[in-house]
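Undergrad: Structure of the sequence below:
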Amino acid sequence: MSKRPVDRTETKKDDYFLDESPKQPLARWLFNRECEQKSRRFGMPRREFVTGSMGAMAAMSVLGQLAGFSSKAEAMTGFVGPSEDDYQSLAAFTRLDQSTSLDWAAIDAAVRQQQPGVVTTILNMLDGCRDVHLGFGPDQYTHMTQCATRARRGGASDELILVGLIHDLGKVISNLSHPDIIAGIARPYVSEGAYYMLRHHMEFQWKHYGKHVFRPTNGRDRYIGEPWYEDAVRFSDEFDQTAFDPDYPSDPIEDFIPLIEQFFGNAEPKKHSSHKVCVG
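TA: Residues are numbered from 1 along each chain as shown. Predicted coordinates:
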C-alpha cells in the first residue's frame, strides 16, 4: 500500500521537516533541542519560539548543517545554532500595532544584554563633563566627584553618594533641563526619594543663590513633609553647595565605579509607588 502524498497546504507552519529521509528524526531532534534551550534562555513559552520567526531560523540552521552529521553524538558536539544576536534581530515590524509577543520577547532579551552598557554610558557622561565649566570655577566633573567624596566622608548612604556623583550629569546635554534629564535616566535604578532629590535639587539650592537670579530662596519649603526632604536638605547644604573648591582632594573616579555598577548594572527596575509630590 503506497503512502499518501503529503499535502503541504495542510501542514502547520512550524512543521519544517516534511521531506522523508533517513535523517529526518535527527533533524527533528536537533531542532527540538535548539528550541528547548533557546526558549528557556529568552524566557518565552516554547510554543511561541517554535511557531515564530525564531523557530524558522533554528530550522534553517539545522537544515544547513544536517549533512555533516551521521549521529546524535556528532550533532550534539558539532551543531552550532544561530547566535543570540541573530535571534534578537528578528523584530522586523514597521508598526508597533503589527508586533507580536515573540518580537517583544526578543526585544526584552536584547535590552537585558544591553544593560551592562548603561554603566559605561554613565561613566562616559561623567567623563564628558570634564572641561564643562558653564561659568563655574571647577568643571562639572570636578564638582560632582567632589560632592560625592564629601558625601562619602560625611557618612552618607550609598544612594546619597550616588546622587552627589550624578546630580549634574544632565548638563552635558542641557543646563536648563539638567535635573529632569538625570532624574529620568536614574529613575529605574534608584529609590523614589533619590529620584525626587535629583529632580528638584536646584530648588533646594536656590536657598543659597536664588536672590541673585530672581528665584525664591524658600522654594524648597513646598516639599516639607516629604519623606525625602531631610536627605535633600542635607545633600544641598552639606555636600552640593560646598563642592566648588578647586583644591579639595576628591577621591578618584575609580573609587566610585563599584557604586555605579551597584545601581546602574541592575536590569530589574525599582518599583515606585504612586506617591505624588506637590509641584505647584
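Undergrad: So which residues of the stretch 51-200 of the chain form helices?
TA: Assigned by DSSP state H, counting those that start in this stretch, the stretch 51-200 of the chain shows helices spanning 53-65, 72-78, 84-88, 101-114, 116-128, 140-153, 158-166, 178-186, 192-209.
Undergrad: how about those, which one is nearest Y16?
TA: helix 53-65 (3.7 Å; Cβ to Cβ). C-betas here are computed from N, CA, C, even on glycine.
Undergrad: I257 contacts I122, correct?
TA: No - the criterion here is Cβ atoms under 8 Å, and I257 misses it with I122 at 9.7 Å.
Undergrad: the more surrounded of these two?
TA: I122 (24 against 13; other Cβ atoms under 10 Å).
Undergrad: what's the pLDDT at that one?
TA: As predicted, I122 sits at a pLDDT of 95.
Undergrad: That one contacts G170, correct?
TA: No - assessed by Cβ under 8 Å, I122 is found out of contact with G170, at 11.9 Å.
Undergrad: and the helices of the stretch 51-200 of the chain, which one's lowest on average pLDDT?
TA: Looking at these, the bottom one is helix 101-114 with a mean of 68.
Undergrad: Against R95, how distant is L30?
TA: Per Cβ to Cβ, to the nearest Å, L30 is found 35 Å from R95.
Undergrad: Among these two, which residue is more densely surrounded?
TA: Per other Cβ under 10 Å, whichever of L30 and R95 has more neighbours is L30, with 25 against 6.
Undergrad: Kindly state the pLDDT recorded for the more buried one?
TA: L30 is assigned 92 on the pLDDT scale.
Undergrad: give the contact list for it.
TA: V62, L66, F69, A75, F79 (Cβ atoms under 8 Å, 6 or more residues apart in numbering).
Undergrad: let's see it at 6 Å
TA: Taking Cβ atoms under 6 Å, 6 or more residues apart in numbering, we find L30 in contact with V62, A75, F79.
Undergrad: ok, now how distant is the last one from P22?
TA: F79 sits 18 Å away from P22 when distances are taken as Cβ to Cβ.
Undergrad: Kindly report the same for G154.
TA: On the measure of Cβ to Cβ, G154 and P22 end up 75 Å apart.
Undergrad: can you pull the contacts of P179?
TA: Contacts of P179 (Cβ under 6 Å, 6+ apart): R199, H201, M202.
Undergrad: For stretch 244-258, list the C-alpha coordinates in PDB.
TA: Extracted in PDB, the C-alpha atoms of stretch 244-258 (Å, rounded to 0.1, in the frame of the first residue of the first chain):
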ATOM      1  CA  PHE A 244      33.300  74.100  44.300                       C
ATOM      2  CA  ASP A 245      36.700  74.100  46.000                       C
ATOM      3  CA  PRO A 246      39.400  73.500  43.300                       C
ATOM      4  CA  ASP A 247      41.900  72.500  46.000                       C
ATOM      5  CA  TYR A 248      39.700  69.800  47.600                       C
ATOM      6  CA  PRO A 249      41.300  66.300  47.500                       C
ATOM      7  CA  SER A 250      38.500  64.300  45.900                       C
ATOM      8  CA  ASP A 251      38.500  60.600  45.500                       C
ATOM      9  CA  PRO A 252      39.300  59.300  42.000                       C
ATOM     10  CA  ILE A 253      36.500  58.100  39.800                       C
ATOM     11  CA  GLU A 254      37.800  54.500  40.000                       C
ATOM     12  CA  ASP A 255      36.700  54.500  43.700                       C
ATOM     13  CA  PHE A 256      33.100  55.200  42.600                       C
ATOM     14  CA  ILE A 257      32.800  52.600  39.800                       C
ATOM     15  CA  PRO A 258      31.600  49.800  42.100                       C
END
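Undergrad: Cheers, nothing more for now.
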